[in-house]
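Participant: Here is my input; please provide its structure:
(2 chains)
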Amino acid sequence: MQIKVLGSGCANCTRLESRTIEALEALGMSPTVEKVTDFGAIASYGVMSTPALVVDDVVVVTGRVPSVDELRTLLRVSV
Amino acid sequence: MGIAAATAVWVAAYALNERFWTWLLAEILGLDLETRLGSALLFFTYDTTKIVLLLSGIIFLITLLRTFLSVERTRALLGGRREGVGNVVAAGLGVATPFCSCSAVPGFIGFVAAGVPLGVTMSFLIASPMVNEVAVVLLYGLFGFRVAALYVGAGLAIAVMAGWIIGRLRLENWVEPFVFETKLRGQALDPSLGLTFQDRLAVAREEVRNILWKIWPYLLVGIGVGAAIHGWVPEDFFVEYAGPDNPLAVPVAVLLGIPLYSNAAGILPLVEALWDKGLAIGTVLAFMMSVVALSLPEMILLRRVLKPRLLGTFVAIVGLGILAVGFVFNMVV
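Facilitator: Modelled structure (predicted):
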């Protein structure tokens, strides 16, 4: 499973990244998250409001930072 | 804590704020509120409480309402609009849509690559930070309805006009070419869909916490300096040195505002103190607008998608609009 956090490095993007890692650890999965900061690449996912979470090239969250619990559910469903 | 209980606590705190601090400072600490120290302290404690209450209440409400709108939906509403009407709709949506300046670049690419005209996109990007909810709420709380309404009206007018002019100038060549080459693949996910009401409440609560956490140092410094001005700067000081008749007051205010970014919350208590001492209304509004709409960090971000000439044109047009607002209000009001 390939997990990416899209965002330019603002506070919300960092928060999404750390919560995603926390959720992955809680699920016993490898907490590897790729950060995508290039604006062209971010836009090419159709994302206009950062941060966004992309699982296996599918955008699952954009424009907000869900709680760790919600992320856990999202990631479990995406497996 | 339930919503009803929170609302009751909020209303009670807001109503008792001034009485509480007056009582604490005068009766308990035995300060004379007519002295400089006393009046500065009352200004500081009362204003801090009032601003924090206003900010938490209004950010909560606005964020809650905004979870029903999104940039994705805004783009759909703007698609296919012609210039003119498009600029007006874009400026209005710029106020209503949840949009953080850190999303300015992906937002810009998303709009332009999807065929929203450049000028219409610019109207959105100007209105969004300028008529910013924090600024408007604080203007209302500190200056009253009239000043807040003037600010909103003038801000929207600048966003519509500046976007329209940029559209007329046909500056598409000055946008970095990769923007037009970006292929938007896949279906954009609309963040406003699929949330329960409980989710929306959680989003609003978190936004209040984030914003207050981000701005409290600026807020305290701003109110502190405001309190000092309040206590120590003589009455009508600015009438003498920067009154409506001084043609330099507005340009100087605009220039001072550019490096002061995103601190609408910190700058407003200061502006309030300046206003109390006789700084003219146009100068006050121009300063505010410059602080929130012309910000160095956002320009650096936008440089990624706008060539320097377009960025310069953008700053010049918005800057001229702000100057005009300052002069007109100094003359008329």
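Participant: Could you list the low-pLDDT ranges of the chain?
Facilitator: Going with chain A. The model of chain A has pLDDT under 70 over residues A:78-79.
Participant: not what I meant, chain B
Facilitator: Those would be B:1, B:101, B:184-189, B:191-192, B:261-265, if you go by pLDDT under 70 across chain B.
Participant: Which residues of it lie near chain A?
Facilitator: Applying Cβ under 8 Å from any Cβ of the partner chain, we find that chain B lies next to chain A at B:70-72, B:75, B:98-100, B:102-103, B:105-107, B:109-111, B:113, B:178, B:182-189, B:191, B:199, B:202-203, B:206, B:210, B:214, B:301, B:304-305. (C-beta placed from N, C-alpha, C; glycine too.)
Participant: how many neighbours does residue 37 have?
Facilitator: The chain I'm using is chain A. For A:Thr37, the count of nearby residues is 13 (other Cβ atoms under 10 Å in any protein chain shown).
Participant: oops, chain B please
Facilitator: 14.
Participant: Confirm it sits in a helix?
Facilitator: Yes - the assignment for B:Leu37 is a helix, going by DSSP: H, G, I helix; E, B strand; the rest coil.
Participant: wait, isn't it in contact with B:Leu29?
Facilitator: No - assessed by Cβ atoms under 8 Å, B:Leu37 is found out of contact with B:Leu29, at 10.8 Å.
Participant: returning to that earlier point: could you flag which of the residues of chain B next to chain A are buried?
Facilitator: Neighbour-count burial (16 or more other Cβ atoms under 10 Å in any protein chain shown) is assigned, among those, to B:70-72, B:75, B:98-100, B:102-103, B:105-107, B:109-111, B:113, B:182, B:184, B:188-189, B:191, B:202-203, B:206, B:210, B:301, B:304-305.
Participant: Torsion angles phi and psi at A:Leu53?
Facilitator: The phi/psi pair for A:Leu53 (degrees, to the nearest 10) reads phi -120, psi 130.
Participant: Find the nearest non-adjacent residue to it, please.
Facilitator: The shortest distance from A:Leu53 to any non-neighbouring residue, by Cβ to Cβ, 6 or more residues apart in numbering or on different chains, is to A:Val61 (4.1 Å).
Participant: number of nearby residues for the one you found?
Facilitator: For A:Val61, the neighbour count with other Cβ under 10 Å is 22.
Participant: And stretch A:40-59, what's buried?
Facilitator: Those would be A:40, A:42-55, A:59, for stretch A:40-59 by 16+ other Cβ under 10 Å.
Participant: just to revisit the earlier point, for the residue nearest to A:Leu53, which three-state class applies?
Facilitator: Recorded secondary structure, A:Val61: strand (three-state DSSP).
Participant: Which residues are in contact with B:Pro117?
Facilitator: B:81-83, B:86, B:167 (Cβ atoms under 8 Å, 6 or more residues apart in numbering or on different chains).
Participant: B:Leu64 against B:Arg200, yeah?
Facilitator: Yes - counting by Cβ under 8 Å, B:Leu64 touches B:Arg200, with 5.7 Å between them.
Participant: Spell out which residues of chain A are next to chain B.
Facilitator: A:7-8, A:10-13, A:39-40, A:42-50, A:52, A:57-65, A:67, A:70.
Participant: repeat that for 10 Å
Facilitator: Neighbours of chain B within chain A, by Cβ under 10 Å from any Cβ of the partner chain: A:6-13, A:15, A:38-54, A:57-67, A:70.
Participant: now, which of those lie within strands?
Facilitator: A:6, A:52-54, A:58-62 (DSSP state E).
Participant: Go through these and name the one nearest B:Asp236.
Facilitator: Minimum distance to B:Asp236 across those is 51.9 Å, recorded for A:Thr62 (Cβ to Cβ).
Participant: and that closest one, how far is that from B:Val271?
Facilitator: Going from A:Thr62 to B:Val271 by Cβ to Cβ, to the nearest Å gives 35 Å.
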